[in-house]
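J.: when you get a sec, could you give me coordinates for this:
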Amino acid sequence: MALRRRVAPQLAFLQVRLSPEGYLGLHLTVGLVLMVLAGWLFGGIAEDVVHQDPLVQLDLAVSEFLHAHTEPLCTAAMRAISLAGSTLLLVASLALAIALAWRRRWGDLILLVLAVGGGQLVNLFLKWLFAQPRPLWPHPLLTLTSSSFPSAHAMQSVIFYGLLGYLAMQQIRTWRARVGTIVAEVVLVLLIGFSRLYLGVHYLSDVLAGYAAGAVWLACTITGVETVRRYRWDHAHTDTAPARTRSWCGARGSQRSPGATPPRITVP
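T.: Modelled structure (predicted):
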């Protein structure tokens with residue numbers, strides 16, 4: 001009993017961190033873990049690139065191999081796939097923003113703007129900070145003059161398609177459809193990264209760092225917005241008076257006990 005009383009505060013802390021309810025629960029714990037792991041991966045890659053560690057030799061080997069085995073048909077396919085990480089991604093982002101605004105899903109719209117728009121700014125800052133040159137080839141398939149590290153295509157594809165999957169999971173009810181959606185998005189993101197390697201505009205470390213940076217920013221925005229949403233919901237429903245209040249995303253909520261997980265309500 002004495003041991004139980006002594007560790008009671010720690011057990012209570014863990015119970016709150018692992019509870020799916022409340023604004024400091026499981027979603028916050030998972031988000032922080034993902035941020036730490038992806039941030040650690042990005043930091044390791046960045047350190048290797050800055051200090052010219054063995055990863056740089058792998059960069060050169062992969063780039064030289066791909067450049068030596070290019071084919072016209074594959075080049076055309078890789079150019080098309082690469083658009084899914086730039087032009088098509090921008091068009092899809094605008095279309096999704098319009099759809100969310102039309103359905104008055106203001107919380108998800110804010111999340112989209114923070115994730116995609118903020119991610120672009122973070123990528124520009126990282127490119128300026130590291131200022132790594134792009135691969136140089138005698139006969140390049142594609143010529144770009146901006147900094148190489150980290151890959152904007154890789155980073156933005158993780159952010160946008162990851163966010164798209166996050167929003168889709170709230171609408172998809174069957175596990176088979178959910179797994180199929182996740183697999184399709186993972187394959188697309190990997191193909192976008194490979195297309196940048198094939199076209200000779202990025203090294204392997206650029207793409208891997210882009211994936212890691214995108215995961216950090218996506219986890220940060222989703223966790224932050226979800227925490228604020230749950231916090232506002234909790235504090236809007238702690239009053240015991242029978243009143244109808246409006247949640248922060250614009251959907252009407254009913255009275256409930258504090259700490260319960262607020263449902264996502266779609267306003268048509």
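
J.: which residue is the nearest non-sequential neighbour of residue 207?
T.: Excluding the flanking residues, the one nearest residue 207 by Cβ to Cβ, 6 or more residues apart in numbering is residue 193, at 4.2 Å. C-betas here are computed from N, CA, C, even on glycine.

J.: what's the helix or strand for the one you found?
T.: According to DSSP states H and E, residue 193 maps onto helix 175-198.

J.: what's the distance between that helix and the middle of its chain?
T.: Distance of helix 175-198 from its chain centroid, counting by Cα atoms, centre = their mean, to the nearest Å, is 13 Å.

J.: flag every buried residue along that helix.
T.: Residues of helix 175-198 classed as buried by neighbour count (16 or more other Cβ atoms under 10 Å): 185, 189, 191, 192, 193, 194, 195, 196, 197, 198.

J.: ok, now stretch 201-214?
T.: In stretch 201-214, counting by 16+ other Cβ under 10 Å, buried: 201-214.

J.: dump that stretch to CSV, restricted to CA.
T.: This file holds the C-alpha atoms of stretch 201-214, laid out as CSV (Å, rounded to 0.1, in the frame of the first residue of the first chain):
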residue,chain,number,x,y,z
VAL,A,201,17.5,17.3,-58.8
HIS,A,202,17.9,15.8,-55.3
TYR,A,203,20.2,13.5,-53.3
LEU,A,204,18.8,10.7,-51.2
SER,A,205,19.5,12.6,-48.0
ASP,A,206,17.5,15.5,-49.3
VAL,A,207,14.4,13.3,-49.8
LEU,A,208,14.8,11.5,-46.5
ALA,A,209,15.2,14.8,-44.7
GLY,A,210,12.1,16.2,-46.5
TYR,A,211,10.1,13.2,-45.3
ALA,A,212,11.3,13.7,-41.7
ALA,A,213,10.8,17.4,-41.7
GLY,A,214,7.3,17.0,-43.2
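
J.: got a pLDDT number for residue 78?
T.: On the pLDDT scale, residue 78 is placed at 92.

J.: then the one 5 residues further on?
T.: As predicted, residue 83 sits at a pLDDT of 92.

J.: next: residue 21.
T.: pLDDT at residue 21 comes out at 55.

J.: check the one 3 residues further on too.
T.: pLDDT, the model's per-residue confidence, is 48 for residue 24.

J.: thought residue 35 was touching residue 219?
T.: Yes: in this structure residue 35 lies within contact range of residue 219 using Cβ atoms under 8 Å: 4.8 Å.

J.: looking at those two, which is more packed in?
T.: Neighbours were counted for residue 35 and for residue 219 using other Cβ atoms under 10 Å; residue 219 has more, 21 against 17.

J.: wait, isn't the more buried one in contact with residue 34?
T.: Yes: between residue 219 and residue 34 there is a contact at 4.1 Å, judged by Cβ under 8 Å.

J.: who touches the closest residue to residue 93 other than its chain neighbours in this structure?
T.: Leaving aside its chain neighbours, residue 93 sits nearest to residue 116 (5.1 Å; criterion: Cβ to Cβ, 6+ apart). With contact set as Cβ atoms under 8 Å, 6 or more residues apart in numbering, residue 116 has these partners: 93, 156, 159, 160, 163.

J.: ok, residue 93 next?
T.: Neighbours of residue 93 in contact, by Cβ under 8 Å, 6+ apart: 112, 116, 160.

J.: work out for me the element it sits within.
T.: Of the helices and strands defined by DSSP H and E, residue 93 is found in helix 87-102.

J.: what's the answer for residue 38, then?
T.: Counting by DSSP H and E, residue 38 is part of helix 26-50.

J.: how about that helix: buried residues?
T.: Applying a neighbour-count criterion of 16+ other Cβ under 10 Å, one finds 27-29, 31, 34-35, 38-39, 41-42, 45-46, 48-49 buried in helix 26-50.
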